[in-house]
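*Asks:* predicted structure and sequence below. I'll ask about it afterward.
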Amino acid sequence: MTSNSCCHPSSAFIDFLDVGGTMTISQEIANLTEDSGQDLPEENVQIGSIQGTVVGLRYYTGTVNRGEMVSLVRQPQNPYDRNAVMVANVYGSQVGHIKKELAAPMAYIMDNNLARVEGVVPYGETNKFSMPVNLTFWGKEENRDAVHNQIRRHGFKLGTEFKGSLIWYTTQTSLGRDLLGLSSKMSAIPLTVEELKNAFDKLFDDLMEDKTREMEPAEAVCTSLLPHQKQALSWMTSRENSNDLPPFWEEKSGLYFNVLTNFAVKERPEKVLGGILADDMGLGKTLTTIALIVSNFHNGKPLPLEQSVRSRKFDRNPSLWVVGTGKVPSGGSGGSGARATLIVCPLSVLSNWLDQFEQHIRADVTLKVYLYYGAERIRSVKLLSEQDVVLTTYNVLSSDFGNKANSPLHKVNWLRVVLDEGHVIRNPNALQSKAVLELQSERRWILSGTPIQNSLKDLYMLMSFLKLKPFDVKEWWSRIIQRPVTMGDRVGLKNLQVLVKGITLRRTKNSKVAGRMLVQLPERRVFVQHVTLSEDEREEYEQVRKEGRKVIGRWKQCIYSYFEEGTIMTNYADVLAILVRLRQYCCHPGLVGKYTGADDPGTPSELRERLINKITLVLNSGSDEECAICLDSLRQPVITYCAHVYCRPCICEVIRSEKQARCPLCRAQIKTKELVEYPGEEMQAGAATGENWRSSSKVDALMSNLLKLRNEDPTVKSLVVSQFTRFMDLIEVPLREYGFSFTRLDGSMAQKTRAKAIQDFQDSSPGSPTIMLLSLKAGGVGINLTAASHVFMMDPAWNPAAEDQCVDRCHRLGQSRDVVITKFIVKDSVEENMVKIQKKKQELVDKAFGVKKPQDLKQARMEEIRALMEI
DNA sequence: ACCGCCGGGTGCC
DNA sequence: ACCGCCGGGTGCC
């Protein structure tokens, strides 16, 4: 028998998808040093099993069924025995305790994280005083001996399976075995990596059976819905009005029974009203949601709205944004009386929601929309409850939640909570995730174009938000879905598919309705324009390249031979620093700041200098870095000693809320006084946008394109995209000089200015800006820039997906012209190297999964770094 | 608990 | 009998 650790597909290969994802540099660096998670099969093998006894049944109310899964919880504070191990059922009710003799070694194993213990009660469910429990130990291979020894020292012995249980339990599926706590070594042949990848790809591909019924929106919606939007509306409405039991629950002789855990309760499990709308970007999730809000109030009736002869007064500035007159009709709200829908979204799409409400709701009806945002927001539970819609951001929500005493959003009983770009709550440790879980609502929706970012772990948070019992508790999610699936268990995968299918609607741009494409988008054509540096530029570039090679040469040896994690991280950051300089030279020599070479971090002041270098690098990389806590653009950026960058308020909140605060990205200990601030721009070399401005080959190439375009058709609008905001500063000079009207959007802009910039650009009246300077990641997804039909990519990004997403902002629903994309690449430079890496990443994503094990994953990362160093 | 364990009652065959 | 045996009281951690 081979060991479990050798050939099972692991979640690592799913994580590896991230190469095509949208990682920021600091996340990339963090990933190099991080272990790849806790649930890799290598760390999650079956160490052994033993039958134990649950005692003290008569003192507790929790009951179990034959074959039911139970959880084991340490009770170190138990006054009778500090080794106490409590046994609880799926709803968390205590069933009893593990008999103390066995609890003693279990306590040691659990407290020292040698293994996780899972229990299943095989029979004896009606016993009065005690019952057997099959215990299975899961943990890292390296802990196997320690666990076995510990058990043996107390006079027990771990076996590999339970004897006799199969006599009455005939299910031959691996799930059946799992329910008994049996070894899954006996399971059917596990899925191969390819099969699992395929299954994963298809996870959200719904065949649309039962989901093709259409529904007309309420009259208050003045936009006519496309067929697929009517289908989504119909499906969402039926999800909200459903009386069905949640997935995997059945009614059996007056009891409600969960077929996966064998758990039964008298009370009907709470209905899960809502789900995941996972349509591709541009299919109109926002419009569909607006239609849902006004079309499906209580009892399947439309939201009662007053008609008004007055035309709508539209004013963006006041925080109270009421469409029409302000009176709330009293009648018509049946049931609980909950009225308001809360929409939580990233800052970048806030204005889009307002636009869409204005655009799609008839001007003569009264829809109360309150923008709960900004310092002036009114924290009144009453006011919020009386709205039809309350719009807010993840930041506002978590910042209110942070001040526990005063979070009005958490005191309202919402009719509906909608999480836009809901995948941002994928990290359960983030404050905003916790804040979102605490919201009280009858119905819950997640809107997301990318419901699974990189692994199953992300899905857990979504289940948790939807309150899909028992998957809202980590242990049950892991036992029933995550672990079986990552170990290639077919039944586990089947369950996952049933689960996802029941609550998700996903269509892609390529989906078909009755044989026709959902949406026919205009073409998009990509041209690469090679730029040759002038002699002067080439000379400077070569100078910097030589310096860089010298620095890199110094570490190459230690990287090529094996490497210490710490060294590799700092070196990787330094390699990136050198590369940023070269990339800047390719764009414009005026971009390049002074490079302060980094040697060993010795004294704190040197460390400090290194950290300042690093944060400067991150912020100037032009990638509009996100804070990993709020997942929004960095505000008051600070860097930790472990070299991770966050917003100061976010990380301070983390430090405040935990006794032993740890870095959310790498779990290193962090302290407020060790945070290093970004010193600001003053140490930058002046970008020379003033009198001594000079052009560059790339700027010349851009300008000649723009001028030619204006000659051909003066109404054509273009996006000029760069990762370097200071490059955008430089480009502004010739744009002005040649009389272009332009606007600008970058990560540093406040919400108001952003919205204004987008609005101005989208405006088609004569004299409106024809060019938008756009920083690659500004604002994230969701922004609508369909006025543009040309995109100029000034500098290549590490990540091809980031470029695609950027193009998607104009190549989406509403675009009437073909979209032409021009990518500038400097010949014989780091940029060509980057294009190669882009291609490699894309290949990996496409055919993917040649990589299974974390070692290979690390190897792949190393290959990438090596490739990067070939400058 | 139709057990094990405890401790009091008891004591030839 | 400083034992064995009996049978009642009792019972998670």
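*Replies:* Cool, the structure landed.

*Asks:* where does the stretch 101-250 of chain A come near DNA strand B, residue by residue?
*Replies:* A:129, A:130 (Cβ under 7 Å from any atom of the strand). (C-beta placed from N, C-alpha, C; glycine too.)

*Asks:* what's around the residue in chain A that DNA strand B sits nearest to, how many residues?
*Replies:* Distances between chain A and DNA strand B by Cβ to the nearest atom of the strand are smallest at residue A:129, namely 3.6 Å. As a burial measure, residue A:129 scores 12 neighbours (other Cβ atoms under 10 Å).

*Asks:* domain ranges for chain A?
*Replies:* A:38-186, A:227-517, A:697-869 (automatic domain parsing).

*Asks:* what lines up beside the host helix or strand of residue A:444 in the sheet?
*Replies:* Using DSSP states H and E, residue A:444 sits within strand A:441-447. Strands that pair with strand A:441-447, judged by DSSP bridges, come out as strand A:274-277 (parallel), strand A:414-419 (parallel).

*Asks:* quick one: closest of those to residue A:290.
*Replies:* Among the strands paired with strand A:441-447, the nearest to residue A:290 by Cβ to Cβ is strand A:414-419 (10.0 Å).

*Asks:* contact partners of that closest one?
*Replies:* Residues outside strand A:414-419 that contact it (Cβ atoms under 8 Å, 6 or more residues apart in numbering): A:240, A:274, A:289, A:293, A:297-298, A:336, A:338-345, A:425, A:436, A:439-448, A:465.

*Asks:* name the next helix or strand following it along the chain.
*Replies:* That would be, after strand A:414-419 and using DSSP H and E, helix A:431-437.

*Asks:* quick check, residue A:488 in a strand?
*Replies:* No. Counting by DSSP: H, G, I helix; E, B strand; the rest coil, residue A:488 is not found in a strand; it is coil.

*Asks:* picking that back up, and the strands paired with strand A:441-447 as CSV, adding mean neighbour count and distance to DNA strand C?
*Replies:* Shown next, in CSV, are the strands paired with strand A:441-447 (neighbours: other Cβ atoms under 10 Å; distance: least, Cβ to the nearest atom of the strand, whole Å):
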stretch, mean neighbour count, distance to DNA strand C
strand A:274-277, 26, 40
strand A:414-419, 25, 40
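
*Asks:* need the ones you listed in CSV with distance to residue A:232, can you?
*Replies:* CSV is the format used below for these (distance: least, Cβ to Cβ, whole Å):
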stretch, distance to residue A:232
strand A:274-277, 6
strand A:414-419, 13
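
*Asks:* now distance to DNA strand B and mean pLDDT too, for these, in a markdown table please.
*Replies:* A markdown table is the format used below for the strands paired with strand A:441-447 (distance: least, Cβ to the nearest atom of the strand, whole Å; pLDDT from 0 to 100):
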| stretch | distance to DNA strand B | mean pLDDT |
| --- | --- | --- |
| strand A:274-277 | 46 | 95 |
| strand A:414-419 | 47 | 97 |
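
*Asks:* just confirm the residue of chain A closest to DNA strand B contacts residue A:54, I think it does.
*Replies:* No. Judged on Cβ atoms under 8 Å, residue A:129 makes no contact with residue A:54 at a distance of 9.7 Å.

*Asks:* list the contacts for the residue of chain A closest to DNA strand B?
*Replies:* A:55, A:56, A:57, A:58.

*Asks:* mind listing what's buried along stretch A:355-363?
*Replies:* Buried residues in stretch A:355-363, defined by neighbour count with 16 or more other Cβ atoms under 10 Å: A:355, A:356, A:357, A:358, A:360, A:361, A:362.

*Asks:* meant to ask about stretch A:696-716, not that
*Replies:* Counting neighbours by 16+ other Cβ under 10 Å, one finds that the buried residues in stretch A:696-716 are A:696, A:697, A:698, A:699, A:701, A:702, A:703, A:705, A:706, A:709, A:710, A:716.

*Asks:* same question, stretch A:135-151
*Replies:* Applying 16+ other Cβ under 10 Å to stretch A:135-151 flags A:135-140, A:143-144, A:146-148, A:150-151 as buried.

*Asks:* same thing with stretch A:122-129?
*Replies:* For stretch A:122-129, by 16+ other Cβ under 10 Å, it's A:122, A:123, A:125.

*Asks:* one more: stretch A:229-247?
*Replies:* A:229-240, A:245-247.
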